[in-house]
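> Compute the structure for the input listed below.
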Amino acid sequence: MARIKASLLVAIVFLSSLFPALSQAQSVSAPATLRAGVMTMAPGEEFWARFGHDAIVIENTQTSEAVSFNFGFFDMGEPGFFGNFINGRMQYQLVGLPIGDDLQSYREKGRGVTMQWLNLDQKQIQTLYLALAENAKPENSRYTYDYYKNNCATRVRDSLDAVLHGQIKKQLSSPSLGNTYRTESVRLAWPAKWMAMGFHLGLGPAADAPLSRWDEAFIPMRLHDSLRGIKLDNGLPLINAEEELLPHRLSMPPDDMPSWKKIAFLLGIAFAIGIYMLAKHAPRLLAVIAGGFWLIGGLLGCLMLFVWFGSAHWAGYRNANLLLLSPLALALLPGAWKLLRKNKPGIFFNRLLWLMAASAALAGFLQFFPFLAQQNFEWVLMLLPVHIAFAKCLGDKPHSLRD
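A predicted model of the protein is given here:
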């Protein structure tokens, strides 16, 4: 949702020249002829741009100059950036910059941009402008980013709602059509399958609660659509006019999260059959594949444990996929090495294999309890047959792998 941090100095100079009120002391007043709009940018191809982006624009109608208040700036070069990213404590900034500068990168990347001009009176626009300008000062501009509850879109939403004294939140508190943080994340990331699968695997049950339209507005495009239905106290619509600033030249994500349960089931059966065939015809190759599976699965399990207990990524807490990809899988690696050397792994290895299979079965059983269920049935369909096949082929009859 964001772009690389631009020069705050340039932004401050521009704001001061465009709206002299910004450089004045306490008793300031914004220009008398302003209009405000919400600028929405379609999804891009970089992983941080998959969710789209937005900004609040304030235009001086006398000069046609406009400033874009953009909440999506970050600096990869700042000390501790990657540590903060891993721990879920990224620092983002609000920057005000000329709208032409803000649009240039979207034009170069082929991302579409639309503008929704707001039906606000001059007092409301001045209040909005002064609040944003104050927030854009270097000492106030930084905030702790959260993908779902504190991002560029929620900051735009909250800024407008504050000016309208809660009218937006009141009108968007109704339930959505069943969208969740998971469905929205996976569908938007779907063009990059690795990213979509990462969201699906890494999100816990907190990501599966149905969202209100207010919460759903963490997606800029959802906020764009919802603003069209907002009515002001005087009965007028919030949106006064819409226009396309840049055409979109990239492929768009699907409207809904694609279903891949059938594919997951077929993959699980195919993998299980492959394990049985390899156990019969290529046992040493099976040992290598099993070791790779346990290594990757164990590391993913460690990562999910870290997200739960060692980070602020709350949407990944209590992840039931730990029952399918457990750190315990790392303890099977010595057994894989023994199988590769045509040695019997031992009873601990056998019991751990069946424990992994039972754990995967438990993940499937939890689907029958709505108050516990996590939307991970696809992973159960794909991985449960694999665990059972490994347990049957490598646990019950290890001697069958001996030439």
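
> in the stretch 201-350 of the chain, which spans are strands?
239-246 (DSSP state E, counting those that start in this stretch).

> Now do the same contact list for residue 39.
Going by Cβ atoms under 8 Å, 6 or more residues apart in numbering, residue 39 touches 54-57, 68, 99, 102, 113-116, 245. (C-beta placed from N, C-alpha, C; glycine too.)

> 6 Å - rerun?
55, 57, 115 (Cβ atoms under 6 Å, 6 or more residues apart in numbering).

> Redo those as a markdown table? Include neighbour count, pLDDT and secondary structure.
As requested, the contacts of residue 39 are exported to a markdown table (neighbours: other Cβ atoms under 10 Å; pLDDT from 0 to 100; DSSP: H, G, I helix; E, B strand; the rest coil):
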| residue | neighbour count | pLDDT | secondary structure |
| --- | --- | --- | --- |
| 55 | 28 | 96 | strand |
| 57 | 22 | 97 | strand |
| 115 | 18 | 97 | strand |
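
> quick check, nearest of those residues to residue 147?
residue 55 (17.8 Å; Cβ to Cβ).

> Residue 50 against residue 189, yeah?
Yes. Judged on Cβ atoms under 6 Å, residue 50 makes contact with residue 189 at a distance of 5.2 Å.

> what comes into contact with the helix or strand encompassing residue 352?
Counting by DSSP states H and E, the element that carries residue 352 is helix 347-365. If you take Cβ under 6 Å, 6+ apart as the criterion, helix 347-365 is touched by 320, 323-324, 331-332, 335, 380, 383-384, 387-388, 391, 395.

> Closest to residue 292 out of the residues you listed?
residue 332 (11.4 Å).

> neighbours around that closest one, how many?
26 (other Cβ atoms under 10 Å).

> Please name the nearest non-neighbouring residue to it.
Closest residue to residue 332 apart from its sequence neighbours, by Cβ to Cβ, 6 or more residues apart in numbering: residue 294 at 4.5 Å.

> just to revisit the earlier point, I would like the residues contacting whichever helix or strand comes after the helix holding residue 352, please.
Heading C-terminal from helix 347-365, the first helix or strand you meet, by DSSP H and E, is helix 377-390. With contacts defined as Cβ under 6 Å, 6+ apart, helix 377-390 is touched by 260-261, 264-265, 267-269, 271-272, 275, 290, 321, 324, 356-357, 360, 363-364, 367.

> Any idea how far the helix holding residue 352 is from the middle of the chain?
Helix 347-365 sits 31 Å away from the centroid of its parent chain (Cα atoms, centre = their mean, to the nearest Å).

> Which positions within it qualify as buried?
Using 16 or more other Cβ atoms under 10 Å as the test for burial, helix 347-365 gives 349-350, 352-357, 359-361, 363-364.

> Kindly indicate which of these lies nearest residue 122.
For these, the nearest to residue 122 is residue 363 (57.7 Å; Cβ to Cβ).

> What's the ChimeraX syntax to select whichever of the contacts of helix 377-390 are buried?
The buried subset of the contacts of helix 377-390, as determined by 16+ other Cβ under 10 Å, is captured in ChimeraX by this line:
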select :260,264,265,267,268,271,272,275,290,321,324,356,357,360,363,364
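
> the longest helix in this protein is where?
In the chain, assigned by DSSP state H, the helix with the most residues is helix 283-310.

> one step back: relative to helix 377-390, how tilted is the helix holding residue 352?
For helix 347-365 against helix 377-390, the angle by axes from the mean of the first three to the mean of the last three Cα atoms, to 10 degrees is 150 degrees.

> Just want the angle from helix 347-365 to helix 283-310.
Using the same axes, to 10 degrees, helix 347-365 lies at 60 degrees relative to helix 283-310.

> Can I get helix 347-365 as PDB, trimmed to CA atoms?
What follows is helix 347-365, C-alpha atoms only, in PDB (Å, rounded to 0.1, in the frame of the first residue of the first chain):
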ATOM      1  CA  ILE A 347      10.500 -46.400  17.800                       C
ATOM      2  CA  PHE A 348      10.700 -42.700  18.700                       C
ATOM      3  CA  PHE A 349      10.600 -41.900  14.900                       C
ATOM      4  CA  ASN A 350       7.600 -44.200  14.400                       C
ATOM      5  CA  ARG A 351       5.600 -42.700  17.200                       C
ATOM      6  CA  LEU A 352       6.400 -39.100  16.100                       C
ATOM      7  CA  LEU A 353       5.300 -39.900  12.600                       C
ATOM      8  CA  TRP A 354       1.900 -41.100  13.900                       C
ATOM      9  CA  LEU A 355       1.700 -38.100  16.300                       C
ATOM     10  CA  MET A 356       2.100 -35.800  13.200                       C
ATOM     11  CA  ALA A 357      -0.600 -37.700  11.400                       C
ATOM     12  CA  ALA A 358      -2.900 -37.500  14.400                       C
ATOM     13  CA  SER A 359      -2.200 -33.800  14.800                       C
ATOM     14  CA  ALA A 360      -3.200 -33.200  11.100                       C
ATOM     15  CA  ALA A 361      -6.400 -35.200  11.700                       C
ATOM     16  CA  LEU A 362      -7.200 -33.000  14.700                       C
ATOM     17  CA  ALA A 363      -6.800 -29.900  12.400                       C
ATOM     18  CA  GLY A 364      -9.500 -31.400  10.200                       C
ATOM     19  CA  PHE A 365     -11.700 -32.400  13.200                       C
END
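
> what's the pLDDT at residue 72?
pLDDT recorded at residue 72 is 90.
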